[in-house]
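Chemist: I would like the atomic coordinates for the input below:
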Amino acid sequence: MKNQIKKIRNFSIIAHINHGKTTLSDRIIQICGGLNPREMTNQVLDTMDLEKERGITIKAQNVSLKYKSKNGEIYKINLIDTPGHIDFSYEVYKSLIACEGVILLIDSTQGIEAQTISNYYKAVKMNLDIIIVLNKIDLLTSNIKHVSKEIKNVIGYKKKIINCSSKTGEGIINLLENIISNISYPKGKIENPLQAIIIDSWFDNYRGIISIICIKNGIIKIGDKIIIVNKKNIYNVEDLGIFTPKKKKKNFLICGEVGWLIYSIKNINDAKVGNIITSFLNPTKKNLYKFKEIKPQIYAALFPTNTIQYKLFSNSIKKLKLNDNSFFYEPITSSSLGLGFRCGFLGLLHLDIIKERLEREYNLNLIITTPNVIYEIYTNNKKIIYIDNPNKLTFNDKIKELREPIAKCNILTPKKYLGKIIKLCIQKRGIFKKIIYYNNQIYLIYEIPMSEIIIDFLNKLKSITNGYASLNYNFKYYKKSDLVKINILINKKKIDAISWIIHKKNSYNFCIKIVEKFKKKIPRQQFDIFIQASINSNIIYSSKIKQFRKNVITKCYGGDISRKKKLLKKQKIGKKKMKKFNNITLTKEMFLIFYKINNK
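Modeler: Coordinates of the predicted model:
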């Protein structure tokens, strides 16, 4: 078995979005014979309909393959295909924990991106073996020499760069040979106590919780009694196996292997990503890793449109959390929308995907409120309070400073777009920090408020640079700022599910935009509807949706004027009563207004 470990290679494929990670995975599976020609399809490892529809990877997926090298030896390669979008960076992080090496894939037609640089230094920090691969060399727009020079200049990579085409299969054999020779085998030992790290979990309707584990030390067999480090419960190993990418059962998994585990676990919290599994009879004495907590960047509330669905919604969100450790939730109550959950996400795409998965996988119909970032309050008592919901913010004498989160933005762009990008960053209240020139490429570093980034910054950046600029950002610190809270009132009734915290200089224009957008969405009634935007109890902007008018005296061709007055008075009393008891129904679309508020 010791010799078997030396023939295992664990690696992740990481890259910027649309650089061809999943296509490369497909070719490796095809060459290694993981599936026969009839079973091969595009995006083999993308198991969700959402992934195939949008053409993006959402969940990291692993596959165990056998490859016969040119030296005649058969090697076992465990490949993990990871997402490319920045909103799913946690999937990349947990995949790297399970690996000894990384394939950093770069599109030879687009060149190096800001996120590529971030991923490279992430792998260097974790002491992983790195192989840089230039993809899409079959395209006429491919520029291998220029991109290779760019890689050496920007990140200082001095080793040989592998050229390949994931589509045609050119250079894939060469890549596999480099994986065998340049990526280390796992360092653990079979004779050591079992240490298996959970890198993913999900809920199966028939078999319960299934976990993906990477064996760092020891061996795990069917029938073993296991425990979670620092937990009390004992579990039996009911089933084990690997993905080839088909689900294949095995009697045991040894040190260095990545596979699936079914262990009759009922407590969802015990199956969290990062937990260490060890043997009950011969437990390990130390915890291998401390998974870093990924804090949400934005928060929004989710409510079921039908209150009957709340229990289903509650169970569904717990199961989804098991599959996505970067997702956060807590129960809340709204006077407008009822029972729901306040949720934390890594970005707007992450939010969109979570909502879509809940609606598709669990047959829910949800309303989503305005997303916002976390703000820091420094009180007169020298205490620090964090606000993730604008409704919790009350301006009073206790607040000494209100601080907003600032992100460090790394922008990589061709020189000709520099002026436009600087103008955009200034519009978004950005502060210039650094500029680095790499031949025709420029690496810009700005500090920009997180609230300005999450809505439409990336879309506008791509638009003004024709898609050539790339962005990578991370939270840096909290900074004192002149912020105000905006509320929406409909017929003088405050809508608690809709509020914003924004910078004071943008507040007036924002109020006008949001009120006018609401005015278009709310249907006319038989009474006047007043829509108002307020800041700190002061009405900043107001608009009215005029009532439908019915001429009740149309049939009164003559007669006493008192008859007409009586009918008009009766109509006035009826409308007053209607206005008192009729509530305005807030539709799902009204809560999606924030997506378009800055796009005029």
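
Chemist: for this protein, what helix or strand is lowest in average pLDDT?
Modeler: Among the secondary structure pieces of the chain, namely its helices and strands, helix 49-54 has the lowest mean (mean pLDDT, DSSP states H and E), a mean of 65.

Chemist: Can you name the next helix or strand after the top strand by length along the chain?
Modeler: The strand spanning the most residues in the chain, taking DSSP state E as the definition, is strand 399-414. Note on strand 399-414: by DSSP states H and E, the next helix or strand toward the C-terminus is helix 418-427.

Chemist: gap between that next one and the chain center?
Modeler: Here helix 418-427 is found 26 Å from its chain centre; the criterion is CA atoms, centre = their mean, to the nearest Å.

Chemist: about what we covered before: who does the next helix or strand after the least confident helix or strand of the chain pair with, and is each partner parallel or antiparallel?
Modeler: Elements were assigned by DSSP H and E; along the chain past helix 49-54, the next helix or strand is strand 61-68. Strand 61-68 has these partner strands in its sheet, going by DSSP bridges: strand 74-81 (antiparallel).

Chemist: quick one on the thing from earlier: can you give me the angle the longest strand of the chain makes with helix 418-427?
Modeler: Strand 399-414 and helix 418-427 meet at an angle of 170 degrees, taking axes from the mean of the first three to the mean of the last three CA atoms, to 10 degrees as the criterion.

Chemist: could you dump strand 399-414 to CSV, C-alpha only?
Modeler: As requested, C-alpha coordinates have been extracted for strand 399-414 and formatted as CSV (Å, rounded to 0.1, in the frame of the first residue of the first chain):
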residue,chain,number,x,y,z
ILE,A,399,-23.3,56.8,17.5
LYS,A,400,-19.9,58.5,17.3
GLU,A,401,-18.8,57.2,13.9
LEU,A,402,-20.5,55.2,11.1
ARG,A,403,-18.1,53.3,9.0
GLU,A,404,-18.4,51.5,5.7
PRO,A,405,-16.4,48.5,4.4
ILE,A,406,-13.6,49.3,2.0
ALA,A,407,-12.3,46.8,-0.6
LYS,A,408,-8.9,46.6,-2.1
CYS,A,409,-9.5,46.3,-5.9
ASN,A,410,-6.9,44.8,-8.2
ILE,A,411,-7.7,45.7,-11.9
LEU,A,412,-5.7,44.4,-14.8
THR,A,413,-6.3,46.2,-18.1
PRO,A,414,-4.7,47.1,-21.4
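
Chemist: Show me which positions of it end up buried.
Modeler: Buried positions in strand 399-414, judged by neighbour count with 16 or more other CB atoms under 10 Å: L402, R403, E404, P405, I406, A407, C409, N410, I411, L412, T413. All C-beta atoms are positioned from the backbone trio N, CA, C, and that covers glycine.

Chemist: give me the element the residue positioned nearest the centre of the chain is part of.
Modeler: When the chain is reduced to its mean C-alpha position, the closest residue under CA atoms, centre = their mean turns out to be H350, at 2.9 Å. According to DSSP H and E, H350 maps onto helix 348-361.

Chemist: could you point out which element follows that helix?
Modeler: Toward the C-terminal end, the helix or strand that comes next after helix 348-361 (DSSP H and E) is strand 366-368.

Chemist: Remind me what that following strand packs against, helices and strands.
Modeler: Of the remaining helices and strands, those touching strand 366-368 by 3 or more CB pairs under 8 Å, 6 or more residues apart in numbering; DSSP states H and E are strand 298-304, helix 348-361.

Chemist: what's the closest of the ones you listed to I377?
Modeler: Checking these against I377 by CB to CB gives strand 298-304 as the closest, at 15.5 Å.

Chemist: Determine how far the closest one lies from the middle of the whole chain.
Modeler: 14 Å.

Chemist: if we can go back for a sec, format the helices and strands packed on strand 366-368 as CSV; extra columns: distance to N491.
Modeler: What follows is the helices and strands packed on strand 366-368, written out as CSV (distance: least, CB to CB, whole Å):
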stretch, distance to N491
strand 298-304, 21
helix 348-361, 29
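
Chemist: how about these, which one is nearest I227?
Modeler: For the helices and strands packed on strand 366-368, distance to I227 was read as CB to CB. The smallest value, 30.7 Å, belongs to helix 348-361.

Chemist: In the stretch 101-250 of the chain, mark out all the helices, start to finish.
Modeler: With DSSP state H, counting those that start in this stretch applied, the stretch 101-250 of the chain shows helices at 114-125, 144-155, 172-182, listed in chain order.

Chemist: most packed of the ones you listed?
Modeler: Using mean count of other CB atoms under 10 Å, the stretch among the helices of the stretch 101-250 of the chain with the largest mean neighbour count is helix 114-125, at a mean of 19.

Chemist: could you give the mean pLDDT of that one?
Modeler: If you average the pLDDT over helix 114-125, you get 84.

Chemist: residues in contact with that helix?
Modeler: With contact meaning CB atoms under 8 Å, 6 or more residues apart in numbering, helix 114-125 is reached by 14-17, 84, 86, 92-93, 96, 102, 104, 106, 130, 154-155, 157, 410-412, 443, 470-472.
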